[in-house]
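*Asks:* The following block contains a protein sequence and its predicted model.
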Amino acid sequence: MTVLAQGRTVDGERWALVRYTGPGDDIVVVEVCSWDGHPFWGTGCGLAEPPLPAPSVVTVGSDEAGPAVVLLQVRPDVRAAVLRLSDGTREDLVLHPLPGRADRIAVLVHPRHLDVHRIELYGADAALVG
């Protein structure tokens, strides 16, 4: 188990992006808990090997009480990932390295009442890729 990233939402929930590797497995999971330590659901999935030809959403979702989660697995040629939410918010995501792999993973934990309206992925030349 390797913690790739962790943080807090605007509402104070804590989250951790965790990678589990083992024989035949390469899985990323986002674990979320409330500000007072109550665990919400966790979500995750196996990473595509090799990375899919187009940038891909790995998983999205939420439970009935906690925030929503978006996980992206992006190719090595992607230099920036931007999500636009239903309230007009622009979220510039951090692309976290995956040790032993060229692709990267990004996560957004956001209020569940908001929808993701657009995912934009940019290459080194600042042009949209995909």
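*Replies:* The structure has been received and is ready for your questions. Treat the numbers as computed from the prediction; the structure is a model and nothing was measured.
*Asks:* so where is the chain shaky, pLDDT-wise?
*Replies:* 50-57, 130 (pLDDT under 70).
*Asks:* Show me the beta-bridge partners of the residue positioned nearest the centre of it.
*Replies:* The centre of the chain sits closest to V107, judged by C-alpha atoms, centre = their mean, with a distance of 2.1 Å. Taking DSSP bridges as the rule, V107 bridges to L71.
*Asks:* V69 versus that one, what's the distance?
*Replies:* From V107 across to V69, the span is 7 Å (C-beta to C-beta, to the nearest Å). Where C-beta positions appear, they are placed from N, C-alpha and C, glycine not excepted.
*Asks:* quick one: common contacting residues for the two?
*Replies:* W15, V30 (C-beta atoms under 8 Å, 6 or more residues apart in numbering).
*Asks:* Now for T21: which residues touch it?
*Replies:* T2, I27.
*Asks:* Report the beta-bridge partners for it.
*Replies:* Under DSSP bridges, the beta-bridge partners of T21 are D26.
*Asks:* what's across from T43 in the sheet?
*Replies:* Under the criterion used (DSSP bridges), T43 bridges to V30.
*Asks:* Make 794 the starting number, not 1.
*Replies:* Taking 794 as the first residue, the last one we looked at is T836.
*Asks:* Settle this for me: it is touching V851, isn't it.
*Replies:* No: counting by C-beta atoms under 8 Å, T836 does not reach V851; the two are 9.4 Å apart.
*Asks:* Point me to the helix or strand that includes the residue lying closest to D856 once chain neighbours are set aside.
*Replies:* Among residues not flanking D856 along the chain, W834 sits closest, at 4.1 Å (C-beta to C-beta, 6 or more residues apart in numbering). W834 belongs to strand 832-839 when assigned by DSSP states H and E.
*Asks:* Output the contacting helices and strands for that strand.
*Replies:* strand 818-826, strand 849-854, strand 861-867 (3 or more C-beta pairs under 8 Å, 6 or more residues apart in numbering; DSSP states H and E).
*Asks:* May I see the buried residues of that strand?
*Replies:* F833, G835, T836, G837 (16 or more other C-beta atoms under 10 Å).
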